[in-house]
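[1] Just a sequence and a predicted model for now, questions to come.
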Amino acid sequence: MLWSFLKAALFIIAVGVVTAGAAWLSDWAETVRISVAGMEFTLGPLQAVIALALLVFGIWAAVKILGFIVAFLRFLNGDETALSRYFDRNRERKGFQALQDGMLALAAGDGRTAMAKAQKADRLLDRPEMTALVMAQAAELQGDRRLAIEVYKRLLSTDRTRFVGVRGLMHAKLAEGETETALRLAEKAFEMQPKNTEVQDILLRLQTESGDWAGARGTLAAKSRMGTLPKEVFRRRDALLALQEAKGVLDEGRSIEAREAAISANRASPDLIPAAVMAAKSYLEAGNTKYAARVVKKAWEMQPHPDLAGAFALIAPEESPRERLKRFETLFAAAPGAEETALTRAELLIAAEDFPAARRSLGSLPETHPTARSLTLMAAIARGEGADEQEVRAWLTRAVSASRGPQWICDKCQTVHADWGPVCGHCGGFDTLSWREAPDMPPLPNGAEMLPLVVGGPRPAEGPAPDATGAEPPVAEVLDAEPVAPVSPSATEPAEPPAAATAPAPVAAEPEDKAAPDPFAVPPSVAAARGLDTSRGQ
């Protein structure tokens, strides 16, 4: 409404300006005298302006007529398309101008203008591969996906535009969340143009999200052959996919194929911890303990990990704590200065009831790098050495708010995962999980007020004292339990029963999906002492 009013107002102003100019020229007393072929013409100012306009129009008309005559003569000379080209030339000029205006409007984010210009260009030009693409993008900019899909379907009719149509439909289905249809379209687009990097990336992402590990390996191999992926990155990612493929085969009951796939994944990427663990278990199933130990030691040398210690313990599950400690020294020699080596050795020493040696194994870790695992180990050592209850409670109180240590964390979205996977369950990133420590956690709310509740003073004669709300703190409840037989951190069976004064052996804290810990969570070591399930997920 406002724009119509402005156009009417501008038209009235223009008419008024022209009328005023004509009246001014009519009142001007000067004249123009023109002599042509012995004839003399005297024109007033207004007449001279009109004559000049007619002269310009006559020259333009003469050029057009001359062009038509030339085209007609060419037609008579045998050029059958001369006249059609003459009339189509003007249409093409207007069509390309409209197309250019539509592309500029599209770049500026003006979907309405882009759609209007694209429709005009579509009427004037016979170039559907150009006009339809602008129309589809303008429709997407306006949020009209239905029209965009219709335009993309029109592009499927010809060989020149079929890939553009398939690609456009693929993006439209991704925007609508129809991943299955988008996957089929991506496979079709990849079949048509396997060298297209964008199609490769989208297809690989959709295949990994849907669990098509064999198809993803094929796409990854195509990326490597095209030179779009470095060989080192290809080998690691192919090992990731091979590992997941092995897990799928194992779920189907084909153990031999799973074993071969796991071993292949470990050979391709020896530093991949889940692949090393699965390969070691595969060798153990085949009765080849030598190869299983070799795989674990090689992976431990690259990156010590609790799951590797668990796999190494499965090689001899019936051994005593002392025998296990002696055998594990060959594993520790692969990375003697690693923190995981010190923590695992301390756990084995606690299981063997050698608490002074366990304290020496930890060294200054509880002070220089306090984690929930090292602090709970110190609590177990303190109890095993006969320390009073208040010292044990103090160690466990520090463990409540300490870092959880290394966990599987996505490098892209920083989400903590309990188990490793090739794809982040939060952001969908491929090969983004790494074993590292989470960023610094914020301090616990009301942490200073909570310490007296957890540490407290001497225990009363009958049961722990309730807190202000009448509920018993979980940590205090756990500490009141009687000591039980220690559990080796990596063994599948409990060790021999120790003396009554010994402390339970803790196990490594499991990775959690939450970045901040529960302030009243039961420490892993104490949970193990009570017989709770502390097995690590593979």
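    That came through, no problem.
[2] show me where the stretch 101-250 of the chain has helices.
    In the stretch 101-250 of the chain, helices defined by DSSP state H, counting those that start in this stretch lie at 111-124, 128-141, 145-154, 162-176, 179-192, 197-210, 213-225, 231-251, listed in chain order.
[3] closest to K290 out of these?
    K290 lies closest, by C-beta to C-beta, to one member of the helices of the stretch 101-250 of the chain: helix 231-251, at 21.2 Å. For every residue, glycine as well, the C-beta is placed using N, CA and C.
[4] residue contacts, the closest residue in space to K223 that isn't next to it in sequence?
    Setting aside the residues directly before and after it, K223 is nearest to L229 in space (C-beta to C-beta, 6 or more residues apart in numbering), at 4.4 Å. Taking C-beta atoms under 8 Å, 6 or more residues apart in numbering as the definition of contact, the neighbours of L229 are L220, K223, R237.
[5] tell me the secondary structure for S35?
    In the three-state summary, S35 is assigned as strand, counting by DSSP: H, G, I helix; E, B strand; the rest coil.
[6] how near is it to A48?
    When C-beta to C-beta, to the nearest Å is the yardstick, S35 and A48 sit 14 Å from each other.
[7] same thing with I273?
    Between I273 and A48 the computed distance is 93 Å (C-beta to C-beta).
[8] between these two, who's got more neighbours?
    When I273 and A48 are compared for neighbours, I273 comes out ahead with 24 against 17, by other C-beta atoms under 10 Å.
[9] Mind listing what's buried along stretch 106-126?
    106, 110-111, 113-122, 124-125 (16 or more other C-beta atoms under 10 Å).
[10] Is W408 located within a strand, as I assumed?
    Yes: when the secondary structure is assigned by three-state DSSP, W408 falls within a strand.
[11] How about it: what's its closest non-neighbour residue?
    Leaving aside its sequence neighbours, W408 sits nearest to H417 (C-beta to C-beta, 6+ apart; 4.4 Å).
[12] again, but for L125
    Leaving out its chain neighbours, the residue that sits closest to L125 by C-beta to C-beta, 6+ apart is G95, at 3.7 Å.
[13] what's around the one you found, how many residues?
    Applying other C-beta under 10 Å, we find 21 other residues in the vicinity of G95.
[14] going forward, begin numbering at 36 instead of 1
    With the count now opening at 36, the last piece we talked about shows up as G130.
[15] how about it, secondary structure?
    helix.
[16] could you pull out the helices for the stretch 336-485 of the chain?
    Counting by DSSP H, counting those that start in this stretch, the stretch 336-485 of the chain has these helices, from start to end: 341-348, 356-367, 374-386, 390-397, 400-403, 407-419, 424-436, 482-490.
[17] Compute the inter-axis angle for the first one and strand 441-445.
    In this structure, helix 341-348 runs at an angle of 120 degrees to strand 441-445, with axes from the mean of the first three to the mean of the last three C-alpha atoms, to 10 degrees as the basis.
[18] Mind listing what's buried along stretch 226-237?
    Applying a neighbour-count criterion of 16+ other C-beta under 10 Å, one finds N231, V234, Q235, I237 buried in stretch 226-237.
[19] Endpoints of stretch 385-400, how far apart?
    Its first and final residues considered, stretch 385-400 spans 16 Å by C-alpha to C-alpha, to the nearest Å.
[20] quick one: average pLDDT of that stretch?
    Regarding stretch 385-400, the rounded mean pLDDT is 92.
[21] Can you give the distance of it from its chain's centre?
    Computed by C-alpha atoms, centre = their mean, to the nearest Å, the separation of stretch 385-400 from the middle of its chain amounts to 42 Å.
[22] for stretch 181-199, same thing?
    Distance, stretch centre to chain centre, for stretch 181-199: 29 Å (C-alpha atoms, centre = their mean).
[23] Just the buried residues of it, please?
    Here stretch 181-199 shows L182, A183, I184, V186, Y187, L190, T196, F198, V199 as buried, counting by 16+ other C-beta under 10 Å.
[24] ok, now how distant is W59 from D273?
    For W59, the distance to D273 under the criterion C-beta to C-beta works out to 84 Å.
[25] Looking at the two, which one has more neighbours?
    Under the neighbour definition other C-beta under 10 Å, W59 and D273 were set side by side, and D273 has more, 20 against 11.
[26] per-residue confidence at that one?
    What the model reports for D273 is a pLDDT of 79.
[27] got it, and P546?
    So, for P546, pLDDT stands at 41.
[28] next one: A540
    Reported pLDDT at A540 in the predicted model: 39.
[29] A156 now?
    In the predicted model, A156 carries a pLDDT score of 82.
[30] so it sits right up against L134, yeah?
    Yes: using C-beta atoms under 8 Å, A156 makes contact with L134 at a distance of 4.0 Å.
[31] Quick check: neighbours shared by these two?
    Residues touching both A156 and L134 (C-beta under 8 Å, 6+ apart) are R162, M165, T166, V169.
[32] Give me the most central residue, the protein.
    The centre of the chain sits closest to G464, judged by C-alpha atoms, centre = their mean, with a distance of 2.9 Å.
[33] Was I right to think it contacts Q449?
    No: G464 lies out of contact with Q449 (C-beta under 8 Å); the separation is 10.8 Å.
[34] Please state the backbone phi and psi of G322?
    Backbone geometry at G322, expressed as degrees, to the nearest 10, gives phi 80, psi 10.
[35] can you check P371 too?
    Main-chain torsions, P371, degrees, to the nearest 10: phi -70, psi -30.
[36] Pull the number of nearby residues for it.
    Quick note: P371 (other C-beta under 10 Å) scores 10 neighbours.
[37] ok, now which ones touch it?
    By C-beta under 8 Å, 6+ apart, no residues touch P371.
[38] circling back: skip the chain neighbours and tell me the closest residue to the residue nearest to the centre of the chain.
    The spatial neighbour of G464 that comes closest, neighbours along the chain excluded (C-beta to C-beta, 6+ apart), is K447 at 4.1 Å.
[39] Verify the stated contact: that neighbour with C459.
    Yes: using C-beta under 8 Å, K447 is in contact with C459, at 6.4 Å.
[40] Residues that sit against both of the two, list them.
    Applying C-beta under 8 Å, 6+ apart, one finds that K447 and C459 are jointly contacted by T467.
[41] State the distance from the residue nearest to K258 to L275.
    As it turns out, when the distance is counted by C-beta to C-beta, L264 lies 13 Å from L275.
[42] got it, and G113?
    Separation of G113 from L275 (C-beta to C-beta): 68 Å.
[43] if you count what's nearby, which of the two comes out ahead?
    L275 (27 against 7).
[44] Would you mind confirming that the more buried one is in contact with D466?
    Yes: here L275 lies in contact with D466, judged by C-beta under 8 Å, at a distance of 5.7 Å.
[45] which residues do these two both contact?
    Between them, L275 and D466 share the contacting residues P457, judged by C-beta under 8 Å, 6+ apart.
[46] can you tell me how far R109 sits from G102?
    Summarising the geometry, the distance separating R109 from G102, computed by C-beta to C-beta, is 11 Å.
[47] Which one of those two is surrounded by more residues?
    Set side by side, R109 and G102 show unequal neighbour counts under other C-beta under 10 Å, the larger going to R109 at 16 against 12.
[48] The one helix or strand that one maps to packs against which elements?
    R109 is part of helix 80-111, with elements assigned from DSSP states H and E. Applying 3 or more C-beta pairs under 8 Å, 6 or more residues apart in numbering; DSSP states H and E, one finds that helix 80-111 contacts helix 37-62, strand 67-71, helix 117-142.
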